[in-house]
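Participant: Kindly return the folded structure for what I paste below:
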Amino acid sequence: MLGFALTICTASYAQTADSTDQSFLGFDLNKQRKLTVLPSIYFKPETNWAFGVSALMYRRFNQKDTISPLSLAGLSFSYTLNDQVLFSMPFKIFLKEDNYRIKGEISYYRYPYFFAGIGNSNDTKYEEDYGANFPRFAITGLKKIKKRIYTGPKLFYQNTTITSIKPDGLLDTLDIAGRSGSVTAGIGWELEYDGRDFIYAPTKGYYANVSFLGFNKAMGGNFGYNLFTVDLRKYFNLGKNHIIGLHGYSSSIFGTAPFNKISQLGGDKIMRGYRKGEFRDNHLMASQVEYRTPIWHFFGFAVFAGTGAVADNFEEFNTDFLRYSYGGGFRLAFNKKERVHIRFDYARGDNNRQQFYLTFAESF
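Facilitator: Below you'll find the predicted structure:
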């Protein structure tokens with residue numbers, strides 16, 4: 001598959017009152033960037049030429065609130081010459097001295113996707129394209145109930161229309177849940193412990209999140225299943241902000257979920273090096289370790305490795321199916337004081353799988 005991207009970084013600034021002059025190659029390190037924009041141009045056979053933009057904005061809703069982390073709102077938009085559209089607006093909002101946290105996304109996709117089967121044995125790297133349109137809405141509202149402990153409800157909605165499948169492919173010939181489209185509507189609850197010193201690039205502390213979403217027809221969906229996720233993280237500061245991060249993640253589906261909503265290995269967060277969904281099944285378990293150097297001027301570096309697998313049930317997890325991933329990347333300080341970084345990673349998996357990632361914030 002042929003593809004390349006051209007990105008340009010632009011920013012607007014707000015000067016801190018107590019900073020001293022410091023610059024590097026004409027770049028003022030003491031100015032806190034309020035906006036970063038990354039235009040992009042790329043070509044893929046399934047999309048033709050694509051043009052897009054990604055933007056990240058941050059602010060505090062109350063300038064007197066120095067306890068709440070920065071609230072972030074992102075925007076990603078792409079349009080291709082095949083009349084395909086990607087639009088996503090994720091957000092994280094922190095309010096009232098970090099007593100309230102709101103996170104989620106509003107998205108719309110009209111784009112080609114890939115399907116490589118269900119299970120953990122896709123060693124031939126087989127995949128087939130399918131087209132899908134869907135709006136997506138997700139929101140979680142958390143309230144602090146004790147020091148570092150937050151809890152609250154969450155909602156999710158996605159209405160997927162399958163617009164095309166490969167003739168005589170897996171989706172065409174097998175009875176796969178969701179192959180003709182799906183509506184998934186769920187309500188659930190989340191419990192979070194956050195002992196990190198920074199939200200977006202921690203140097204020390206613990207983080208734990210347990211989440212449940214129940215999907216049913218009473219909410220307007222046409223699939224009934226339950227989704228449980230567990231997210232555990234630990235950070236060690238080896239001195240002078242040389243950081244070791246440990247991350248464990250699991251996702252479990254109980255019931256019948258459409259193929260595009262079951263647990264998926266890969267992506268830019270964990271098991272980098274695999275396209276998200278290259279391996280998918282009811283259950284996912286994965287872990288990773290990452291070393292991060294301090295930001296020098298406004299550059300940093302990281303190396304990482306991970307392992308994980310998917311399975312239809314817990315009894316099928318064993319070392320024979322463990323996948324591995326490894327890689328490294330650069331970090332660019334978007335806001336050095338708040339430790340918000342732009343991240344560029346290159347990662348590899350088994351059978352010469354490889355992926356590039358350019359995004360905001362650390363993977364965990």
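
Participant: only C-alpha atoms for contact and neighbour calcs from this point on.
Facilitator: Fine.

Participant: From start to finish, how long is stretch 201-221 in a straight line?
Facilitator: Separation of the first and last residues of stretch 201-221 by C-alpha to C-alpha, to the nearest Å is 37 Å.

Participant: residues of that stretch that come out buried?
Facilitator: The neighbour-count check on stretch 201-221 (16 or more other C-alpha atoms under 10 Å) flags 201-216, 221 as buried.

Participant: And the helices in the stretch 151-300 of the chain, which stretches?
Facilitator: Taking DSSP state H, counting those that start in this stretch as the test, the helices found in the stretch 151-300 of the chain are 170-173.

Participant: Enumerate the strands of it by residue range, in sequence order.
Facilitator: 182-194, 205-215, 225-237, 243-255, 263-265, 279-281, 283-292, 299-311 (DSSP state E, counting those that start in this stretch).

Participant: Hmm, residue 359 and residue 334 touching each other?
Facilitator: No. Using C-alpha atoms under 8 Å, residue 334 is not in contact with residue 359, being 11.4 Å away.

Participant: The helix or strand where residue 330 lies: what's the following helix or strand?
Facilitator: Per DSSP states H and E: residue 330 is located in strand 323-335. Sequence order places strand 340-349 as the next helix or strand after strand 323-335, per DSSP H and E.

Participant: Starting from the following helix or strand past that next one, tell me which strands it pairs with and how they run.
Facilitator: Later in the chain than strand 340-349, the nearest helix or strand by DSSP H and E is strand 354-360. Sheet pairing for strand 354-360, assigned by DSSP bridges, gives strand 340-349 (antiparallel).

Participant: Averaged pLDDT, the strand it pairs with. What do you get?
Facilitator: The average pLDDT for strand 340-349 rounds to 92.

Participant: and if you look at stretch 262-275?
Facilitator: 95.

Participant: Tabulate the CA atom coordinates of that stretch in CSV.
Facilitator: Written as CSV, here are the backbone C-alpha positions of stretch 262-275 (Å, rounded to 0.1, in the frame of the first residue of the first chain):
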residue,chain,number,x,y,z
ILE,A,262,-15.5,-6.4,19.5
SER,A,263,-12.1,-6.0,21.3
GLN,A,264,-9.4,-5.0,18.8
LEU,A,265,-5.6,-5.2,19.1
GLY,A,266,-3.4,-2.4,17.8
GLY,A,267,-3.7,1.3,17.2
ASP,A,268,-1.8,4.3,18.5
LYS,A,269,-2.4,3.6,22.2
ILE,A,270,-1.3,0.0,22.9
MET,A,271,0.3,-2.7,20.7
ARG,A,272,1.6,0.0,18.3
GLY,A,273,2.8,-1.6,15.1
TYR,A,274,-0.5,-3.3,14.3
ARG,A,275,-3.4,-1.7,12.5
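
Participant: Now do it: everything it contacts.
Facilitator: Residues from elsewhere that reach stretch 262-275, judged by C-alpha atoms under 8 Å, 6 or more residues apart in numbering: 251-253, 276-284, 286-288, 306-310, 324-327, 346-349, 353-357, 363-364.

Participant: Quick one: buried ones out of these?
Facilitator: Counted by 16+ other C-alpha under 10 Å, the contacts of stretch 262-275 give 251-253, 276-284, 286-288, 306-310, 324-327, 346-349, 354-357, 363-364 as buried.

Participant: what's the first-to-last distance across stretch 350-363?
Facilitator: Stretch 350-363: ends 20 Å apart by C-alpha to C-alpha.

Participant: For the residue lying closest to residue 251 once chain neighbours are set aside, list each beta-bridge partner.
Facilitator: In space, and not counting its chain neighbours, residue 251 is closest to residue 229: 4.5 Å by C-alpha to C-alpha, 6 or more residues apart in numbering. Beta-bridge pairing for residue 229 (DSSP bridges): residue 211, residue 251.

Participant: Nothing else from me, thank you.
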